[in-house]
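[1] Give the three-dimensional model of this entry:
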Amino acid sequence: MDFDKKIRELFEKDSRYKPDAYEFVMHALWHTQGRLKRKGHVTARELLDGIRDFGISQYGPMAVTVLEHWGIKKTDDFGEIVFNMVENGLMRKTDEDSRDDFKEIYDFKKAFDLTDQIKLEG
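    Residues are numbered from 1 along each chain as shown. All right, here's what the predicted structure looks like:
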């Protein structure tokens, strides 16, 4: 499987999300699996929490700006990306998994806002 080729194919079919968004979600999945000390399936909520952690660790206060540049503006967008990847053989799902699992899970801008964390550390 050529990951980059499949991502380019996905982008040609659905240009809402830049190729970097797909790569980010894959890395966030690996980050989440490592954090949970498990391989294989994670729930949508687990993945979304992992995406938040990974995004903040990679981009800090610029996380929302970077994600929006890639076309991601809400948790629903991560569901679209995940299911695009499932349909292209880059990820797998269980029979219970659906796009709806990603709908409005957290307020996107608040979840990536570091202001409260900075206040707590200060």
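
[2] who are the neighbours in contact with residue 64?
    108-109, 112-113 (C-beta atoms under 8 Å, 6 or more residues apart in numbering). Using the backbone N, CA and C atoms, a C-beta is placed for each residue, glycine as well.

[3] Hmm, I typed the wrong one, I wanted residue 76.
    Taking C-beta under 8 Å, 6+ apart, we find residue 76 in contact with 99, 102-104.

[4] quick check, nearest of those to residue 42?
    Of all the contacts of residue 76, residue 42 sits closest to residue 102, with 12.4 Å by C-beta to C-beta.

[5] Now do the closest one: how many residues are near it, please.
    Residue 102 has 22 neighbours, counted by other C-beta atoms under 10 Å.

[6] Was I right to think it contacts residue 75?
    Yes - here residue 102 reaches residue 75: they are 5.2 Å apart, a contact under C-beta atoms under 8 Å.

[7] any idea how far residue 81 is from residue 114?
    23 Å (C-beta to C-beta, to the nearest Å).

[8] Looking at those two, which one has more neighbours?
    Shown here are residue 81 and residue 114; by other C-beta under 10 Å, residue 81 has more neighbours (25 against 12).

[9] Among the contacts of residue 64, name the buried ones.
    Neighbour-count burial (16 or more other C-beta atoms under 10 Å) applied to the contacts of residue 64 gives 108, 112.

[10] returning to that earlier point: give me the common contacts of residue 102 and residue 75.
    Common contacts of residue 102 and residue 75, defined by C-beta under 8 Å, 6+ apart, comprise residue 48.

[11] that older thread, the contacts of residue 64 in helices, which ones?
    Of the positions in the contacts of residue 64, 108-109 sit in helices, assigned by DSSP state H.

[12] CSV please, covering the contacts of residue 64 and showing pLDDT and distance to residue 25.
    Below are those laid out as CSV (pLDDT from 0 to 100; distance: C-beta to C-beta, whole Å):
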residue, pLDDT, distance to residue 25
108, 80, 15
109, 82, 19
112, 84, 15
113, 80, 21
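
[13] Which of the contacts of residue 64 sits closest to residue 31?
    For these, the nearest to residue 31 is residue 112 (15.1 Å; C-beta to C-beta).
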